[in-house]
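[1] The following block contains a protein sequence and its predicted model.
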Amino acid sequence: MDAPTTMSAENGTSGDSGGGGGWFTPRKPVAARPGGSDAAGSGERAEPEAEGREAPDVDQDHITGRRTPFTSIRRVGAGGAATTVTAEPQGPPASPDPVQPTVPWPDGSERPAHEHPADPRAASGPQAPAAGPLDAGHEPSARPAPGAPPAPPTGTAAAEAGSPDAIRVRRTLGEIEPVADKVTSYFYALLFTRNPELRALFPAAMDSQRDRLLRALLTAAEHMDDPGVLTEYLQHLGRGHRKYGTDASHYPAVGEALIGALSRYATTTWDEETEAAWVRTYTTISQIMIDAAAENERHAPAWWHAEVVSHDLRTPDIAVVTVRPDQPYPFLAGQYTSLETPWWPRIWRHYSFASAPRSDGLLSFHVKAVPAGWVSNALVHRARPGDVLRLGPPAGSMTVDHTTDNGLLCVGGGTGIAPIKALVEDVAEHGARRPVEVFYGARTDHDLYDIDTMLRLSQAHPWLEVRAIVDGRTQLPDAVREFGPWNEYDAYLSGPAGMIRSGVDALRGVGVPYERIRHDSLDELVAAAD
Ligand SMILES: NC(=O)C1=CN([C@@H]2O[C@H](COP(=O)(O)OP(=O)(O)OC[C@H]3O[C@@H](n4cnc5c(N)ncnc54)[C@H](O)[C@@H]3O)[C@@H](O)[C@H]2O)C=CC1
């Protein structure tokens, strides 16, 4: 199964993945489903559905009619790159990665999400789109997640708060929310009809993909008044979209399709002022993305080729896949990447690195094949040594803070144990004498596919305690609550979205402040990601 987009305890916002909630509304807390298995909880995020689930119903006049010129978008990231977002009705500025984590089109990512600008421990690694591109969060009480914008204000008063542009943008979003599917269809119909060359940047079947791009754009627009978090988010999106072949010249076309779709469906609130507000907002969004991509291009490839060097089938549906990147791949333990197989071009999924950086440069992933998982099934049942995959940039901020001596409470459910193992190795390499407590949860004994590795680590390191929790009398989060106290620990949760939700609840219930709780994006876990 895919890995997540990383985040710390996060709040709810819409993002590039589909999971619970509409595009433009704050994420509603989703009740944990004890014992249940999340849609993506068991693995790969939902796969894109077949293309064309809905007739676009494109207005030909609209397609060929007046277009909104995005002349202020600079094609190259140089020259006074915008690094902060302004929602003031003036100057141009910057840009996101939709889906997949995203905005860039094709995917949308990067986890997510996962760089937390507001988090002092946030990793500075590349993308998060798996962070993905617009990842999103959930827990309403938690702080914003890395790589994801903060939850929007709620209520009428909140909707009317903020800059004039932000107010107009939110009014548009409020009006189109009930017809979000139609707006999406129309947006892509406009985009591809006017710019057929862009179609090749997207997967052949791309329902979830298309949702990501537009969703990412709208999510970003919704948060234009929060430059601190948004800028980081958009930069991440811009970097993450490089792997899709996104180019600065593509942004105006997307902006025109965006304005075309919004103006068609926001008939009550759309006027010249509103259009001007959207043009400024999109120009800001796209410029940030373009600048981030240009800056990233100076020191990192858009993607890495990675040859499979070993494929270890641990259970009938779980494989440990090890690859050798074609060039150095810098990342931090606890991060994840986006991965594309040769069998499903332009379909990217997130997987966490299952080891801390190794001297031989090899990277390992734990993959669980899930029923509808194109990528996960290919990786588990088809991939063999010699096959070449593509990797996006690393992302995620679920990394170890080496500036503190706090203990680490690590909770890994199923293949969510992968990044936990990497964190343990990271602590070991730093020679720290800080306590690390790992709770490794699984449905059955048989599902504890990596328990031998974890036990070997605990035998080698006296500061490490590993506990296997198999479903039965108690579930993973309950077990964590029974031990403790955890007030001297930083918590890391990795696994199914439901486990993370109930894990956060359990930890908060025993007094662990949310700023000490880190996990990947729940949205990434419950919906298609990149
Ligand atoms: N492969 C990777 O690199 C990574 C995968 N993940 C995610 O981890 C998940 C792993 O899925 P599976 O192995 O199928 O796990 P699973 O469904 O077999 O569950 C693993 C553990 O989590 C507990 N759990 C599940 N749902 C729960 C809930 N609602 N409340 C409390 N506890 C719950 C189970 O009791 C079990 O102990 C996937 O969602 C995947 O996206 C997360 C990080 C990295």
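    Yep, it's here.

[2] can you pull the pLDDT of the residue in the stretch 251-400 of the chain positioned nearest to the ligand?
    With CB to the nearest ligand atom, the shortest gap between the stretch 251-400 of the chain and the ligand falls at residue 352, namely 3.6 Å. C-beta: built from backbone N, CA, C; applies to glycine. Residue 352 is assigned 97 on the pLDDT scale.

[3] Offset the numbering so it begins at 39, please.
    In the new numbering, first residue 39, that becomes residue 390.

[4] which residues does it contact?
    41-42, 372-374, 403-404, 434, 456-457, 460, 532, 558 (CB atoms under 8 Å, 6 or more residues apart in numbering).

[5] Could you pick out the one among those residues with the lowest pLDDT?
    Ranking the contacts of residue 390 by pLDDT, residue 42 lands last with 42.

[6] Report the buried residues of the host helix or strand of residue 465.
    Using DSSP states H and E, residue 465 sits in helix 455-467. For helix 455-467, a neighbour-count test (16 or more other CB atoms under 10 Å) marks 455-466 as buried.

[7] what's the answer for stretch 437-448, then?
    Under 16+ other CB under 10 Å, the buried positions of stretch 437-448 are 437-438, 444-448.

[8] Also stretch 493-503?
    For stretch 493-503, by 16+ other CB under 10 Å, it's 495-496, 499, 501-502.

[9] First-to-last residue distance for it?
    End-to-end span of stretch 493-503 (CA to CA, to the nearest Å): 9 Å.

[10] ok, back up a step: how about TSV for the contacts of residue 390, with distance to the ligand added?
    Formatted as TSV, the contacts of residue 390 follow (distance: CB to the nearest ligand atom, whole Å):
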residue	distance to the ligand
41	3
42	5
372	10
373	11
374	7
403	6
404	5
434	10
456	4
457	5
460	10
532	4
558	6
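
[11] ok, of the buried residues of stretch 493-503, which one's closest to the ligand?
    residue 495 (17.4 Å).

[12] Which single residue of this structure ends up nearest the ligand?
    Closest point on the chain to the ligand, by CB to the nearest ligand atom, is residue 452, at 1.9 Å.

[13] For that residue, grab the count of nearby residues.
    The local packing of residue 452 (other CB atoms under 10 Å) involves 27 other residues.

[14] shouldn't it be in contact with residue 480?
    Yes - assessed by CB atoms under 8 Å, residue 452 is found in contact with residue 480 at 6.2 Å.

[15] Quick one: residues contacting the closest residue to residue 480 other than its chain neighbours.
    Leaving aside its sequence neighbours, residue 480 sits nearest to residue 486 (CB to CB, 6 or more residues apart in numbering; 4.7 Å). Counting by CB under 8 Å, 6+ apart, residue 486 makes contact with 478, 480, 506, 508.

[16] helix or strand right after the helix or strand hosting the first one?
    To tie it back to what came earlier, the one meant is residue 478. For residue 478, the host element (DSSP H and E) is strand 474-480. Per DSSP H and E, the first helix or strand lying C-terminal to strand 474-480 is helix 489-498.

[17] Kindly report the domain assignment for this protein.
    Split into domains by automatic domain parsing, the chain comes to 59-67+87-335, 342-429, 445-564.

[18] Go through those and pick out the most buried.
    domain 59-67+87-335 (a mean of 24; mean count of other CB atoms under 10 Å).

[19] what does the stretch 439-568 of the chain have sitting close to the ligand?
    Residues of the stretch 439-568 of the chain lying close to the ligand by CB under 6 Å from any ligand atom are 451-454, 456-457, 479-481, 485, 509, 513-515, 532-534, 536-537, 540, 558, 563.

[20] ok, so of the buried residues of stretch 437-448, who is nearest residue 317?
    residue 437 (37.9 Å; CB to CB).

[21] Show the contacting residues for the residue nearest to that closest one when sequence neighbours are not counted.
    Of all residues not flanking residue 437 in the chain, residue 372 sits nearest, at 4.2 Å (CB to CB, 6+ apart). Residues in contact with residue 372, defined by CB under 8 Å, 6+ apart, are 44, 161, 390-391, 434-438, 457, 460-461, 464, 530.

[22] sorry, back to before: which ones among the contacts of residue 390 map onto helices?
    Applying DSSP state H to the contacts of residue 390, the entries found in helices are 456-457, 460.

[23] Wait, residue 554 touches residue 531, no?
    No - assessed by CB under 8 Å, residue 554 is found out of contact with residue 531, at 11.3 Å.

[24] What pairs with the strand holding residue 478, parallel or antiparallel?
    Strand 474-480 pairs in its sheet with strand 445-451 (parallel), strand 502-508 (parallel), by DSSP bridges.

[25] Could you check the angle that strand makes with helix 455-467?
    Angle between the axes of strand 474-480 and helix 455-467 is 160 degrees (criterion: axes from the mean of the first three to the mean of the last three CA atoms, to 10 degrees).

[26] Mind exporting the C-alpha coordinates of strand 474-480 to CSV?
    Extracted C-alpha coordinates of strand 474-480, given in CSV (Å, rounded to 0.1, in the frame of the first residue of the first chain):
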residue,chain,number,x,y,z
VAL,A,474,12.4,4.6,21.5
GLU,A,475,9.2,2.6,22.1
VAL,A,476,7.7,0.9,19.0
PHE,A,477,4.2,-0.5,18.9
TYR,A,478,3.8,-2.6,15.8
GLY,A,479,0.1,-3.5,15.1
ALA,A,480,-1.3,-6.1,12.8
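
[27] if you average pLDDT over that strand, what comes out?
    Rounded mean pLDDT across strand 474-480 is 97.

[28] re earlier: which one of the domains of the chain has the lowest average pLDDT?
    Looking at the domains of the chain, the weakest mean confidence is domain 59-67+87-335, a mean of 64.

[29] possible to save the contacts of residue 390 as CSV with distance to residue 282?
    Supplementary listing: those in CSV, determined by distance: CB to CB, whole Å:
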residue, distance to residue 282
41, 19
42, 20
372, 25
373, 20
374, 17
403, 21
404, 25
434, 19
456, 25
457, 24
460, 26
532, 26
558, 21
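
[30] Which members of these are the farthest-apart pair?
    404 and 434 (15.3 Å).

[31] pretty sure residue 528 contacts residue 441?
    No - counting by CB under 8 Å, residue 528 does not reach residue 441; the two are 11.2 Å apart.

[32] ok, now how distant is the residue nearest to residue 480 from residue 504?
    11 Å (CB to CB, to the nearest Å).

[33] got any residues that touch both of these two?
    Counting by CB under 8 Å, 6+ apart, the common neighbours of residue 486 and residue 504 are residue 478.

[34] contacting residues around the longest strand anywhere in the chain?
    Counting residues, the longest strand found in the chain (DSSP state E) is strand 342-353. With contact meaning CB under 8 Å, 6+ apart, strand 342-353 is reached by 357-365, 367, 400-401, 418, 421-429, 484-485, 487-488.

[35] Mind giving me the packing neighbours of the following helix or strand past that strand?
    The helix or strand immediately downstream of strand 342-353 is strand 356-363, counting by DSSP H and E. Applying 3 or more CB pairs under 8 Å, 6 or more residues apart in numbering; DSSP states H and E, one finds that strand 356-363 makes contact with strand 342-353, strand 401-406, helix 412-419, strand 426-429.

[36] Between strand 401-406 and the helix holding residue 465, find me the angle.
    Helix 455-467 runs at 150 degrees relative to strand 401-406, counting by the same axes, to 10 degrees.

[37] my guess is residue 523 contacts residue 550, does it?
    No - between residue 523 and residue 550 there is no contact under CB under 8 Å: 9.2 Å.

[38] Can you tell me the closest non-neighbouring residue to residue 457?
    Using CB to CB, 6+ apart and skipping the chain neighbours, the partner closest in space to residue 457 is residue 390 (3.8 Å).
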